Each structure stands twice: as structure tokens, then as C-alpha cells.
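1. Provided below are the primary sequence and the corresponding predicted coordinates.
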Amino acid sequence: MAVRVQVVVRGIVQGVGFRPFVYRLAREHDLGGWVLNSTQGVVIEVEGERERVDGFLGRLQAEPPPQALIEKVETSLLPPVGYSSFVIEASREGSEFVLISPDICICADCLRELRDPHDPRYRYPFINCTNCGPRFTIIGDIPYDRPKTTMRVFAMCPRCDREYHDPADRRFHAQPNACPVCGPQVELGVNGAQPPRALDEPIETARRLLAEGAIVSVKGLGGFHLACDATNRQAVATLRERKHRVDKPFAVMSLDVETVRRYCEVREGEAQLLESPARPIVLLRRRSDCPIAPEVAPGNDYIGVMLPYTPLHYLLLGGVGLSSSKASLPPSLALVMTSGNMSEEPIAIGNQEAHQRLSVLADYFLLHDRDIHVRCDDSVTRLFRGKEAILRRSRGYAPFPVRLNLELAEILACGAELKNTFCLTKGTYAFLSQHIGDMENYETFSSYQSSIQHFQRLFRVEPQAVAYDLHPNYLATRYALELAEERGLRKVPVQHHHAHVASCMAENGVTEPVIGVAFDGTGYGSDGRIWGGEFLLADFRRFRRLAHFRYVPLPGGEAAIKRPYRMAVSHLLSALGEEALELPLPLWTVLEPGELALVRRLMASGVNSPLTSSCGRLFDAISALIGVRGVVNYEGQAAIELEMLAAEGVDDIYEWRLLRRSPMIIDPAPLLRGVVTDLLAGVDVGVISARFHNTIAAIVADVSRAARQKTGVGRVALSGGCFQNVYLLGRTIDALERDGFEVLIHHLVPANDGGIALGQAVVANACLSGKER
Ligand SMILES: [Zn+2]
Ligand SMILES: [Zn+2]
């Protein structure tokens, strides 16, 4: 007997070859009906013998295309209508939403064709299929169809058109389908040449220029990169100079894992991360004989490495042989691939824009004519104890949502100031945006605004409330308040460290109260002071401050963040008083003239010297005090260099004091005294660094134990940028677990401010539902 079944498939099912898969499956089971993309997912009707329909449904879920992610399959039985064949119907628009696939690196089939001299797409830099290629970065709206992507301007040639319409073809409805005849083309231009001059054989010429030490701006998937030979010290130094980026590490790209092993250690899980379809930058420990220029990541034992993710990258690295007899350069060991921008600005995406903004940075421009609709930086990740722990969640991950185990209202969470991301929620999904960046300039802010609008349109979210940081001067906070005013939305301010802890709880699926340990550089406290070394008893709804580091002045505010030696003075004077000035410390000789007097004046008067409990600033202070880093040129530098120095095999700690008040106060004065004593006794700075780290881990364990006695809560959530320090994180987890605590850490969203928006969203949701009750 014939039956007709309607099937709605939700998840990542568009732009991943799902309809042709359904089509082939229906044909194989000899079923009639249709399939289409709609704004709620893929909708299918099949009609035929009961057994064959069951077989179809079984295989639908058992063997989906590699990049598809089925979240839910709903079926309903309908009366048969006598479909005679199976067809793919036009997409249907509506008000619901679908999940949108992140960009996917070139697949093995396309790579094989790229390398095959007999294939029509041999060496074609835009080869793709339903299993790979650009997605999020070219989509203007849903449903995902070619006219709604930046491919709409390329009319397909007869061959591409045939593939596109042939359900048996790998490129059936591959929206970015293209070939050398009809698709996008690359062009290599000489910077500043008037009239504009395009060079022949753009990619091979670019390779030669790179090998000769040139800096080439390369248009990628989510923006421009600046590329140069990573083994050429002069080229890397020049790039740093032009970009005004003194020490912050550059990422590099190499052809494959084998090549990466020539300069970094690659463990098995790290190889998997490198080769994953998201192709993130993976932090890898450099080998002692590493031939990469030291200027790539000064003062750092790790290098951020990624594998090529577009066909253009493969060509540029020399990973595709030439068929002609022309001598080809050997493949590059590694290219620096850093975002195409001046430090602090957003990554450039338009050709015009690149010419304007990158002309002082690049010698040549390797451009193409496929537009980038959405700006999306490379993601950064690492392996921690066998599991991924992401540091920047962007290309290849966004806009895939973080799944939560609770239903959320529609909320816009605006995020923090640094490493900004925002978050929109709907149902059980938290759509965390790609990395927006530091909101310090107009360009980043305007990119932020347009990204919010784009996400709202793509995911059909109409926020009823807006969540934001307490800091009155964050651009994201001001944006939130204006938007709430304009649209009449509910306003939910969320304390910075509460948001950190909530984000860690949310990604771990925990809703019951935890002891939240939030250690970072800066966050606006409920008392108007600068927090950053916090123990909170927290759930989504509320928090209570259980303990914090003792307040010390931040002499000169922002200036003290850029000059860690000011924090060293502040902590020394707070701990030891005036006697500190009598000690023969190297710090006194490295302070710039007048600085000591100025800092003391600021501290004494309290003018422009806000009080802070920041743990990040304590790391800064120790780093400066022991002569590691007194002035920084990127965020977190002093702490990172201190971590890199920590000696192995050191287990002892410094003393410290816990003042049992409410909240409890952690007084680091004995710690400072211990460090000074070691320093004056000539103890190796690597040992001092290790002891300092161990002390912070011990503080977390001891204070958590005191908190457990008070509250009965035995679960600790670790969040905040300080916990990106793997030495600290490892020691802290071990100390807590020895004490019988369950420990939650970040894996899916960053521990740093890039994860704040998720926490704001879940807190706002709890506040909304709490008030309704
Ligand atoms: Zn492919
Ligand atoms: Zn074509």
C-alpha cells in the first residue's frame, strides 16, 4: 500500500548538498514526491510503498552528506496523491529560519580536480562543490540560493549550468559553482602603479615575488590577508613596521601537516584540528630548530599555524604542480598570513577598500572579483588536555550556533569592548557572531552594527530585550542603550564577570549555582571599581561576590595597562610600603624618568587612579617586577611572556593571606614579599614565574574550599582571559580536582571577552523569565 509522508529536516541542511542527496535517495527507493529548501529547513514529500518509504527515512538520517548536520527530523503522514516522479522544487521563503553553514575548506574531490591537468578546472582558484567552498561570507539572505549570494553576478556557462541542474552531479545546486570560463578571476596588481598594471600569470608571479621578499595582499574568504615569506626575517620585520604591530604574533600557513612538523611539534589531536573543515589557526609549540623567522612570534613558544582552506591558498603555497615545462618554485615552507588591516582596524574585505587601506602595507595586490559579503577573521584554537579550547571563534565556526539546553527568548547581547562578539538567541540556539574586534574606532563599530543587522535578518530574530555590559563607556553598551530607547526594548545590564561565569556554565549545559572564578584584566564592577580577580556564587539569574583580590590603585588608568611597571610599583608600595623604595630592585632602574614620582603622586592623590582587584594586572606587576616586560605593545603581552618563562618541575608556592570578611579579601602582599626576596637572592626568573603561577592556582583552590564551606556548592567554573594561560589553567584544575571539585572550563567559546556575549544572553534570559513569574 502506498503512503505519503512529509518530512521537515532541520539543522545545517542548506548549502551542503542535501537536496541532491535526497533526490538520489528518493530515486533509488523508487519514490515520487519533491524536495525544497525553505526558511525552516529542507522540506520533503515522498510517496510510495510503505517499506520503501521507511528505507528512505532510515538512510536519510544514517548517511547524510559530510558537511550536513541534522538536528531534527519531523515526519507527518498524509493521504497519497499519486506523485509520478521525484523533483526538486524552487525554494520557498518564509519567516522561519535555518542554520547557515560556516565556510568550508576545499574538499578532497575538488583538490584532486584542482591538481589534475586534464580537468577543466585544473588550477582554477575558485573550484568548489556542494561539499565545500564559501558559505557564510557570501550569503546576503536566506534561503541559500545563488541570487542571494555574491555569485549572482556570474552567469554560469553551459557546462556549469548543466552540472548545477544535474541531480547526479556533485555540483548540483552548488551555489558558488564556477569554472575558468564563467566564474571569478584573479588579478595581480602592482601597488600604486599609474595607470594600474596587472601582471601575467598572477599566482605564479605572486609566488615568485613572495619568495623574493615582497609583501602581497591576498583576498581570501572573509577578508584580505597580508602575506610574506615566514622564513624571511627582513620581510617579516618590514611587515611589522608597516602594520605598526611590534610584537603581537602573526599566523602562518603551510601546505600540510607534514610541512608543519618541520617547524612545530604536532600532536595527534592538533593534526585533527589543523585538518578540520573549519581550518582554524592552531597554536603549536615551536621546535627548538624552528626555521621560521623569530619575528613571526617574538617571545612566544607557540606559533599560530593554519593549513590552506581555499584553492587559491593551495596554488599560492605551491601545492599544485604546473603542467607546462616551465620551472616552478618549490612549495613554500610557510607564509605569514596575517589579517589585512592596520593594527586595531577591522580586516579589509572590498577591493576598493583594500587599495585604500592597505596601500601603505602591501607591495602587490592579489585580488579577485567575487565579493565578500560578510567580514570574517580566521579562528584561533588550541588543544588543551586532548580537547579543543577555542581562543577566537570566527571563520569556519560562526555562524553555527552554540546549542543550549534551555529555551531562550529572543535577545540581543551586545558583548564587551575588546575582542567583541555579539550574540542573538532564539529557541535553544545562541548565535554567537564572528570575531568583530576591539571596538576602539569607527570602522570596527560600523562593522559591528552592520553585522548585527545581518544576523537578525539571516536568523529572523526580533529581539525583545537587549543585554549589555555595565561599563558606561563601552561603545557596545552605548549602542545597546540607544537601540533599546529607539525600539522600546527591555534593558538588562549584566556585570562583566557574571557574564564570564554564565558563558562557561551555558556552554557546559549547567544551570545550577557554581563558584565562578573570573580572572581577567578589566571589567566594570557593581561598585564602580575595576574588577578582575573575582569569586562569585552565581547562577544565570544573579550572583554574589564571595571573594576578590585586594584593591590596589591602577595609576593613570589605561596608561597602567600599557605600562605594567606601573602596576609593579602599585603592588610593591601597597604590599611593602615606602621600604620598597629602599630595596635594590632592577625595577627602579628601568622606570622611565619621572615615572616613579608620577605614579606615587597618582597613588597618593587617587586622581585618575581607580582601584582594581584585577588578577591580570597582578600578572602584569610580577612580569614587570622580575624584569620580563615593563611596557607592552599588545594586550596580555606581559602575562604571556611571564607564562612562557615558567620553569618545569617547580611545585612550591609563595605565601598569601585570606581576610575572612564578606566578601573575603585575597591579600597578595606576602606573595609580593616572597617574589622580592627571591629576586634579591638571585633566584632564576623561570622559577619565580612558576612559583607565582602555582600560588595563583593554590589561591583558587583554597578560596573555593572556603566558599564551598559557606555555600555547599562543589562545582567551580573557570573563566576570563587569565585562564587562557595553560600553565595556570592546568595547575588550577589539578588543585581543584585534588580537593574534590567538579571543574568547568571553556571549550566552545573563548574564556576571554569573546565569550562575554553568550553569558550576557543567558543572564538576560533568566532575568526576563524571572520577572514574568
Ligand atoms: Zn568540493
Ligand atoms: Zn563555467
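-> Yes, it's here. Ligands and ions are numbered 1, 2, ... in the order given.
2. which bits of this protein sit near ligand 2?
-> Cys157, Cys160, Cys179, Val181, Cys182 (C-beta under 5 Å from the ion). All C-beta atoms are positioned from the backbone trio N, CA, C, and that covers glycine.
3. what about the closest residue to Cys105 other than its chain neighbours, distance to ligand 1?
-> Spatial nearest neighbour of Cys105, chain neighbours left out: Tyr309 (3.8 Å); criterion: C-beta to C-beta, 6 or more residues apart in numbering. Distance, Tyr309 to ligand 1, by C-beta to the ion, to the nearest Å: 12 Å.
4. Does Tyr309 lie in a helix or a strand, and which?
-> Per DSSP states H and E: Tyr309 is located in neither a helix nor a strand.
5. Just the ones in strands from the residues of the chain next to ligand 2, please.
-> Taking DSSP state E, every one of the residues of the chain next to ligand 2 sits outside strands.
6. So the residue nearest to Cys105 versus Ala354, what's the distance?
-> 19 Å (C-beta to C-beta, to the nearest Å).
7. ditto for Asp289
-> 37 Å.
8. on that earlier part again, most neighbours of all the residues of the chain next to ligand 2, which one?
-> Cys160 (21 neighbours; other C-beta atoms under 10 Å).
9. Which members of the residues of the chain next to ligand 2 are positioned in helices?
-> The helices, defined by DSSP state H, take in Cys160 from the residues of the chain next to ligand 2.
10. Would you reformat the residues of the chain next to ligand 2 as TSV and include pLDDT?
-> Below are the residues of the chain next to ligand 2 laid out as TSV (pLDDT from 0 to 100):
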residue	pLDDT
Cys157	98
Cys160	98
Cys179	98
Val181	97
Cys182	97
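11. In the residues of the chain next to ligand 2, find the pair that's most separated.
-> Cys160 and Val181 (7.7 Å; C-beta to C-beta).
12. How confident is the prediction for whichever residue of the stretch 401-550 of the chain sits closest to ligand 2, by pLDDT?
-> Here the residue of the stretch 401-550 of the chain nearest ligand 2 is Leu458; by C-beta to the ion that distance is 27.9 Å. As predicted, Leu458 sits at a pLDDT of 91.
13. Neighbours of it, how many?
-> Counted with other C-beta under 10 Å, the neighbours of Leu458 add up to 22.
14. likewise Leu78?
-> Leu78 has 12 nearby residues by other C-beta under 10 Å.
15. Now it, what are its backbone angles?
-> Backbone torsions for Leu78, taken as degrees, to the nearest 10, come to phi -130, psi 160.
16. now do the one 3 residues further on
-> Here the main-chain torsion angles of Val81 (degrees, to the nearest 10) amount to phi -120, psi 0.
17. hang on, isn't it packed against Ala2?
-> No - judged on C-beta atoms under 8 Å, Val81 makes no contact with Ala2 at a distance of 9.7 Å.
18. Now the common contact residues for those two.
-> Residues touching both Val81 and Ala2 (C-beta atoms under 8 Å, 6 or more residues apart in numbering) are Glu47.
19. Which of the two has more residues huddled nearby?
-> Applying other C-beta under 10 Å to Val81 and Ala2 shows that Ala2 carries more neighbours, namely 16 against 11.
20. Which strand residues bridge that one?
-> Applying DSSP bridges to Ala2 gives these bridge partners: Glu49.
21. Distance-wise, check it relative to ligand 1.
-> In terms of C-beta to the ion, Ala2 sits 37 Å off from ligand 1.
22. got a list of what that residue touches?
-> Applying C-beta under 8 Å, 6+ apart, we find Ala2 in contact with Glu47, Gly48, Glu49, Arg50, Pro80.
23. What residues does the first one make contact with?
-> Glu47 makes contact with Ala2, Val3, Arg4, Val5, Leu31, Gly32, Gly33, Val53, Pro80, Val81, Gly82, Tyr83 under the criterion C-beta under 8 Å, 6+ apart.
24. Drop anything exposed from these.
-> Buried by 16 or more other C-beta atoms under 10 Å: Ala2, Val3, Arg4, Val5, Leu31, Gly32, Gly33, Val53, Tyr83, out of the contacts of Glu47.
25. In which helix or strand does the fourth one reside?
-> For Val5, the enclosing helix or strand under DSSP H and E is strand 2-12.
26. Same check on the last one?
-> In this structure, Tyr83 sits in neither a helix nor a strand according to DSSP H and E.
27. Can you read off the pLDDT for it?
-> The per-residue pLDDT of Tyr83 was computed as 93.
28. Quick check: chain neighbours aside, which residue is closest to the residue of the stretch 551-700 of the chain found nearest ligand 1?
-> Relative to ligand 1, the nearest point of the stretch 551-700 of the chain is Tyr634 (37.1 Å; C-beta to the ion). Leaving aside its chain neighbours, Tyr634 sits nearest to Lys248 (3.8 Å; criterion: C-beta to C-beta, 6+ apart).
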